[in-house]
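Peer 1: A structural model of the following input is requested.
(6 chains)
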Number of protein chains: 4
Amino acid sequence: MNHAEKKRNDKRKRILDGALKAFALKGFYNTKVSEIAQEAGVADGTIYLYFKNKDDLLISLFEDRMEWIIERLNTDLAKLGNDTLAKFRHMVIIHCQLAVEEPQLAEFITIELRQSSKFVKEYKNPKFGDYLKIFQHLIEEGQRGGIFRADLDPRLISRACFGALDEVLLQLTLSRAGQAEVDDKAAQVASMLVQGLLERKIIDAD
Amino acid sequence: MNHAEKKRNDKRKRILDGALKAFALKGFYNTKVSEIAQEAGVADGTIYLYFKNKDDLLISLFEDRMEWIIERLNTDLAKLGNDTLAKFRHMVIIHCQLAVEEPQLAEFITIELRQSSKFVKEYKNPKFGDYLKIFQHLIEEGQRGGIFRADLDPRLISRACFGALDEVLLQLTLSRAGQAEVDDKAAQVASMLVQGLLERKIIDAD
Amino acid sequence: MNHAEKKRNDKRKRILDGALKAFALKGFYNTKVSEIAQEAGVADGTIYLYFKNKDDLLISLFEDRMEWIIERLNTDLAKLGNDTLAKFRHMVIIHCQLAVEEPQLAEFITIELRQSSKFVKEYKNPKFGDYLKIFQHLIEEGQRGGIFRADLDPRLISRACFGALDEVLLQLTLSRAGQAEVDDKAAQVASMLVQGLLERKIIDAD
Amino acid sequence: MNHAEKKRNDKRKRILDGALKAFALKGFYNTKVSEIAQEAGVADGTIYLYFKNKDDLLISLFEDRMEWIIERLNTDLAKLGNDTLAKFRHMVIIHCQLAVEEPQLAEFITIELRQSSKFVKEYKNPKFGDYLKIFQHLIEEGQRGGIFRADLDPRLISRACFGALDEVLLQLTLSRAGQAEVDDKAAQVASMLVQGLLERKIIDAD
DNA sequence: GATGAATGAGGGTTCATTCAT
DNA sequence: TATGAATGAACCCTCATTCAT
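Peer 2: Numbers count the residues shown, from 1 in each chain, chains lettered A, B, ... in the order given. Sure, this is the predicted structure:
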């Protein structure tokens, strides 16, 4: 990557960061493009050199952040090898951990995610789909391994798990929960979900 | 209730219905007041005789519909007496059932709920809190009865359950799921959540 | 006048009174018809049984009040017979006196008078013309009697005198001047105007 | 002043000119912002880059025009040195002269001035106060010089003089008086006011 | 590429007026 | 006659987007 490209990427990044901050604070519809520009330290017009319009900025922000989360998650999960349960618990923890590590991102995702796929016509939010897929594959892995109940639809249950986590994350974020509280609550939710997923005969194992 | 009062309530209802339809279709921010008026068959200005402004209309709509849901739920649950498990399962079913019975309401709640409580200034959405309370009390009841795990925080878990259901409801609604699919998926989610909540020694009972 | 007529006039009067109060307080354009109705203790629609529209109400109010002032002035002036100077001084005093006796009317006239004849198309404000005529006739009387300078155009000078008084009245009204201050200032203005009008050879007489 | 600044000032001036024209024609409340924009040859939104809102535009217009009048007046008066009488007469003439030179400004000031200071919240119209002060100081100067009556309150009398002139100006403007008529009437009013102000023993001097 | 002044379509809200009761 | 709920045209202002510099 040469110098010009680096500069370009830097400006793009600053705009995305500014947008995240602004959207988290006031929501998409109540954030003015000029506010994002100010936050990013660029002129209003500059934003349109990097993004087609305000909608595109929102979508790009989602994709950018989800990509980051997914990469991180995949790296972490890879280290845990075949331990499905450990991987599942880790996902729960990572998700909740956002409340502490990236509160703005947490607010943004929990609040704007649903809107986005609704109002942006035809936008299916593929990155979010990828995120859900990780959950789904984990559940399928558990089912193949015989530790997770086979009577549950992985697509459905991955949604349910995501919903549970997302709602919990929303609360943790809005209440500005500290690390200890996040750890505790993540553990409880993980415990409940895991128990709900486990094949009955091995529940004692938990 | 006299004639004038009846007429007034009827018009208010028509406006709320129009707003629900419009909000479900395009979301709060993309719905024009004039569209709601048209949907309701009243003049634009009439809306302001019944609601302070567009925000107030959104809030009132939430309260109205949550009240309806809560009443209905309480009536149903009362019939189930002390059977905590049955009551819990019924809540799951009722929630998912919205996708079939009131798809517009389902879309509205799943998509607009989070936005509203965050961006409508000062609004704490008490009715939604009431709804969560029903979940919470049910979990506490189960804990007192010794059938639900005592190591789980009812406030936290009620949130998690709501989140799981809400996400599932969103999918059922958007995919225009039919009654059979809704029944099946509600049963699965109920089964998972219940197993996750049950005291370990009685899990076989499920 | 029979009972029905009396009642009608009473309601018309209440509306005019309410309008005066409201217009004096907030001005014509910032006063809502509904506020006038409330002030008058009638329904909004009732106003339109007595006046064609809001403009007509303003005009009618002018005419009504100017008529009252003119009648009163004529009665007073009649008592002063041929004493032109005394009559002129009395007019000055009566005009300023409004600040004490009818502060709302004073505010209304000083502030709304000019607007009214401008914005209401084709309205020449004949009653205001009548009021000016009294000044004018007094000046002409003085000229004929040889005590007022003959080199001044009575129409022009009556305007100038009115303008001077009106501006002074505005200040007296807005500063909520008491009787003593009003008396003092009216006397000063009268003295200046009279001296300005007097035939030079008889100025010592003042 | 650089180019950008010059362009900005030019646009601001065009908006003020457009506003003056429009306000003079239809009055503040009957003038739409879009009409001003059209008159100024700018987009509606542009007005809000230069003025906070419609009220602010009104206020700014007053300040701008009063400033212009005051500067001009001060320049002229400075040339007349210590001749109080000449200066007083000049003020009268300049004021009336507006009817010929700046009829729109004349209409605007005579008709909108009172409204504005009353209904534009918090606005005390300091420039108008400055204008009155010129009158007042002139009267005080005459009193100190022994040529004006000492028994008159300069603040009161400056108001009265302004009122007289303003009313005369209004008539001259609305009747579209020509230069000759304006000269004649200004002279008459000046003569009357001066005689009214002069110390009695020197009235023959006029 | 970067700027930010300018644009102008759009929409929430007001309020004078009407009319069914 | 009186009411006041309903109307809907009107209007100020916002703000995403453009484009001359």
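Peer 1: any chance you could map the strands in chain A?
Peer 2: Remark: no strands are assigned in chain A by DSSP state E.
Peer 1: Residues of it that sit close to DNA strand F?
Peer 2: Residues of chain A found near DNA strand F (Cβ under 7 Å from any atom of the strand) are A:31-34, A:44-45, A:48, A:53-55. No exception for glycine: its C-beta is placed from N, CA and C like everyone else's.
Peer 1: let's see 10 Å
Peer 2: Within chain A, the positions near DNA strand F by Cβ under 10 Å from any atom of the strand are A:28-37, A:43-49, A:51-57.
Peer 1: Intersect those residues with the contacts of DNA strand E.
Peer 2: Among these, proximity to DNA strand E is found for A:33-34, A:37, A:43-49 (Cβ under 10 Å from any atom of the strand).
Peer 1: Just the buried ones from these, in PyMOL syntax?
Peer 2: Entered in PyMOL, the line below selects the buried ones among those, by 16 or more other Cβ atoms under 10 Å in any protein chain shown:
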select buried, chain A and resi 33+37+46+47
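Peer 1: any idea which of the ones next to DNA strand E among the residues of chain A next to DNA strand F is closest to DNA strand E?
Peer 2: The shortest approach to DNA strand E among these belongs to residue A:45, at 1.7 Å (Cβ to the nearest atom of the strand).
Peer 1: ok, and the closest non-adjacent residue to the most centrally placed residue in chain A?
Peer 2: Ranked by distance to the mean C-alpha position of chain A (Cα atoms, centre = their mean), the top residue is residue A:66 at 5.6 Å. Of all residues not flanking residue A:66 in the chain, residue A:127 sits nearest, at 3.6 Å (Cβ to Cβ, 6 or more residues apart in numbering or on different chains).
Peer 1: Could I get the pLDDT score of that neighbour?
Peer 2: Looking at residue A:127, its pLDDT stands at 91.
Peer 1: what do you get for residue A:38?
Peer 2: 97.
Peer 1: What number of residues are in the vicinity of the residue lying closest to it once chain neighbours are set aside?
Peer 2: In space, and not counting its chain neighbours, residue A:38 is closest to residue A:18: 7.6 Å by Cβ to Cβ, 6+ apart. Using other Cβ atoms under 10 Å in any protein chain shown, residue A:18 is surrounded by 21 other residues.
Peer 1: Which ones among the residues of chain A next to DNA strand F map onto helices?
Peer 2: Cross-referencing the residues of chain A next to DNA strand F against helices under DSSP state H gives A:33-37, A:44-49, A:54-57.
Peer 1: So which residues make contact with the lowest-mean-pLDDT helix or strand in chain A?
Peer 2: Every helix and strand in chain A was compared by mean pLDDT, DSSP states H and E; the lowest is helix A:103-119, with a mean of 86. Contacting residues not belonging to helix A:103-119 are listed as A:20-21, A:23-25, A:27-28, A:55, A:58-59, A:61-62, A:65, A:98-99, A:123-125, A:128, A:166-167, A:169-170, A:172-174, A:176, B:26-27, B:29-30, B:110-111, B:114-115, B:118, B:170 [Cβ atoms under 8 Å, 6 or more residues apart in numbering or on different chains].
Peer 1: Please repeat the previous calculation with a cut-off of 6 Å.
Peer 2: Helix A:103-119 is contacted by residues A:20-21, A:23-24, A:28, A:58, A:65, A:98-99, A:125, A:166, A:169-170, A:173, B:27, B:111, B:114, B:118 when judged by Cβ atoms under 6 Å, 6 or more residues apart in numbering or on different chains.
Peer 1: Then stretch A:175-193?
Peer 2: The set of residues external to stretch A:175-193 that reach it, using Cβ under 6 Å, 6+ apart, is A:89, A:92-93, A:96, A:99-100, A:161, A:168, A:172, B:152, B:156, B:160, B:196.
Peer 1: Which parts of chain A are helices?
Peer 2: Assigned by DSSP H, chain A shows helices spanning A:3-26, A:33-40, A:44-50, A:54-79, A:84-101, A:103-119, A:126-144, A:154-174, A:179-197.
Peer 1: what angle separates the fifth one from helix A:179-197?
Peer 2: Helix A:84-101 runs at 150 degrees relative to helix A:179-197, counting by axes from the mean of the first three to the mean of the last three Cα atoms, to 10 degrees.
Peer 1: ok, the residue in chain A positioned nearest to chain D - contacts?
Peer 2: Across chain A, the shortest distance to chain D (Cβ to the nearest Cβ) belongs to residue A:34, at 12.5 Å. Counting by Cβ under 6 Å, 6+ apart, residue A:34 touches residue A:44.
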